[in-house]
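> I would like the atomic coordinates for the input below:
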Amino acid sequence: MALVTVIFLTAIMLAITGAGLTFSQLGLKTTSHQKTEVMAFFASEAGLSHVWKELENGDGVNDFDTIHTASSGTVIVSNPSLSGAAYTVTLLESLSNPTRVRVASIGTAPNNAQARLEVWLRKDLGTPPKALITNGDLKLNGNPKLLGLRGGAHSNDDMQVSGNAGVQMVDGLTASNAVAGSGGLSDGMDINGTPCIGSAACGSNPQPNEYELNSAAERDAYEAGHSSASSYSIPKINPADYASAVAGTSGGYVLKADCTVVTGAGAVFNNGLHTSGGSVVSAPSGWSCSGGTWKVSGNSVANGVFYSEGRAEVSGNPGSSSNPWQATIIARDSIKISGNPEIVPFSTVPESLQNVLLVTGNDLEMSGNPTVAGTGGGIFVHQQVKINGNPTITGFVMAGDGSPTWTGDPFANSSEGVTQNEVSGNPTITYNGDFGVSILPPAVTQVGWLQSF
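The predicted model follows:
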C-alpha cells in the first residue's frame, strides 16, 4: 500500500509539474505574441508619422498636391526593416485637392503579428504661434499693435523694430538669424524706440512704463535673448490650389485675366489659369476690370469668394460694422487694399477656405483704414507684405518671401515693388490662435482614426 501511495503521489506530482511546464510554455508564447503585437502596433504608428512628413515636405513626391492623382492602393511610404518590424502605408481614398486623404498603415512583426491603422489626414495652411510671421526680413515701424494671446511677430530672418510697438506676448518679438559680431539687420534683431512688450495693456495709450524697453540695456538684453529663435516652417502658399474650389462654390467667381468671369464645378485650370469648362457669367456687382486687374472701388459690392487670375484691388468703403462685406479674396498676383472697407470671410466656402481672409501669389499692400476680420482667420502672402495706415486685422498674417516655391510658380520673385516685409503707421492685428482646429506645423492634421489587429 505504501508503494502504491508513493507511486500515486509521484504520478500526481509529475502531472502537476507537466501542467506547470505546459502553462509556462503557453505563457511564454502568449507573452511573445503580446510583444510582437505591440511591435506591430508601434510599427504602424511609425508608418503614420512617416507618411505625415512625406505628405507635408513639399518635395513634389507623394505630397498633397500630387497624391490626389494616384490610384487607391498606391504605396506612399514603407520601411521593411524597423528593429525587427516593418510597415507599409498605402492610399485608400482621396477627396478633391487640397482637402483630405485616407491612408492605411499596416505594421508587421514576427509570429505573423499585424496591426492596421486607418486615418484621414487633412492639409491645412497652418496655425502660427504669433500674429505676424515672415520668411524674410521684417521691419516694425511707428505704433503697430500686436494683441491677443498670440500677439507677437516672428521673422525667420532679421527683424528691425523702431517706434512704439505694442506687443502682448512676453516673448512677442523673435528672429532666427542672429550673426555674432555683425550689426544692423544682419544681427537677428535690432530694437530702437520704446516698444512695449508683455502685456495686453501695451495696446493702450499711454503704454505702461514697466513693460517698455526704455533703456539701451533693456533693449540689448531683449535682442540677445530673442535673436536666435527656432524658425517657423511656413507652408507653400499657392493660390492656384484653390481655383477649382472657388469655381465650384455657390457664390464663387473666377475673375479671368481677359476680364471675363467664369463659375461652375466643371471649370478646368492649368497652374491657376482657366482653360475650359464652367459657365461664363456677368461680373459680380461692384467689380470692374481693366488690363487684367480686377477692382472694387465703390461702396456696394456682391458677397462671395473671388479668385483673380491677375491682380485684385479694393478701395472705397464696401461694408460696415453692422453689415460687413462677406468676401474671401484670392489672387494669383498681388492684392492691394485701401480706403475703409469692412470685410469678413464669405460665410459658405469649402473646407479648404474656411476662416481664410486673403490669399495672394505675389505681394499684399494694405493702407488706409480697412477692417479685415475673421474668427482668427488667415492672410497668406506668397511674397512680401506691406501694412501701413490704420488697418484693423483680426487673425494672422503669413508672408513666405517667395518660399517655398513650386513648379510653374509665376512669381518666384516679387514683381510689385514691395521689396521687404514692413508694418508701419498705426495698424492693429489681434490674434488668439483660434483658427479652426488649433494646430502647429506640420501643415497636416489628423481628422479621423480606425484601429484593428
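> tally of neighbours for residue 237?
24 (other Cβ atoms under 10 Å). The way it works is simple: take the backbone N, C-alpha and C, and place the C-beta from them, glycine included.
> just checking, it touches residue 400?
Yes: between residue 237 and residue 400 a contact is recorded at 5.2 Å, counting by Cβ atoms under 8 Å.
> Quick check: which ranges of the stretch 251-400 of the chain have low pLDDT?
Filtered on pLDDT under 70, the stretch 251-400 of the chain yields the residue ranges 349, 351, 375-376.
> Quick check: chain neighbours aside, which residue is closest to residue 48?
residue 105 (4.9 Å; Cβ to Cβ, 6 or more residues apart in numbering).
> can I assume the one you found is in contact with residue 49?
No: contact criterion Cβ under 8 Å: residue 105 and residue 49 do not qualify, at 9.1 Å.
> Which positions are bridged to residue 336 in the beta structure?
residue 313, residue 365 (DSSP bridges).
> I meant residue 91, not that one.
residue 103.
> same check, this time on residue 82
Going by DSSP bridges, residue 82 forms beta bridges with residue 85.
> Make sure residue 13 is indeed in a helix.
Yes: checked against DSSP: H, G, I helix; E, B strand; the rest coil, residue 13 lies within a helix.
> any idea how far it is from residue 7?
With distances taken as Cβ to Cβ, to the nearest Å, residue 13 is found 11 Å from residue 7.
> Spell out, range by range, the strands that occur in the stretch 51-200 of the chain.
Assigned by DSSP state E, counting those that start in this stretch, the stretch 51-200 of the chain shows strands spanning 75-82, 85-94, 100-109, 113-123, 132-134, 138-140, 145-147, 153-155, 159-161, 166-167, 173-175, 189-191, 196-197.
> so where's the stretch 51-200 of the chain shaky on pLDDT?
Residues of the stretch 51-200 of the chain meeting the criterion pLDDT under 70: 57-60, 65, 95-99, 123-126, 178-187.
> Quick one: end-to-end length of stretch 280-293, please.
End-to-end distance for stretch 280-293, by Cα to Cα, to the nearest Å: 18 Å.
> one step back: contacting residues around the residue nearest to residue 48?
Residue 105 makes contacts with 44-45, 47-48, 51, 87-89, 116-119, as judged by Cβ atoms under 8 Å, 6 or more residues apart in numbering.
> Determine which two of those residues are furthest apart.
Maximum pairwise distance in the contacts of residue 105, criterion Cβ to Cβ, is 14.5 Å, between 88 and 119.
> could you measure the residue nearest to residue 197 when sequence neighbours are not counted against residue 397, distance?
Distance criterion Cβ to Cβ, 6+ apart; nearest residue to residue 197, sequence neighbours excluded, is residue 167 at 4.6 Å. Residue 167 sits at a distance of 14 Å from residue 397 (criterion: Cβ to Cβ).
> do the same with residue 165
Distance from residue 165 to residue 397, by Cβ to Cβ: 15 Å.
> Check residue 408 too.
25 Å.
> from memory residue 108 sits against residue 82, does it?
No: assessed by Cβ under 8 Å, residue 108 is found out of contact with residue 82, at 9.5 Å.
> Please enumerate the shared neighbours of the two.
residue 43.
> neighbours of residue 156, just the number please.
Counted with other Cβ under 10 Å, residues neighbouring residue 156 total 24.
> How about the contacts made by it?
Contact analysis of residue 156 by Cβ under 8 Å, 6+ apart lists 133-136, 175-177, 231-232, 234.
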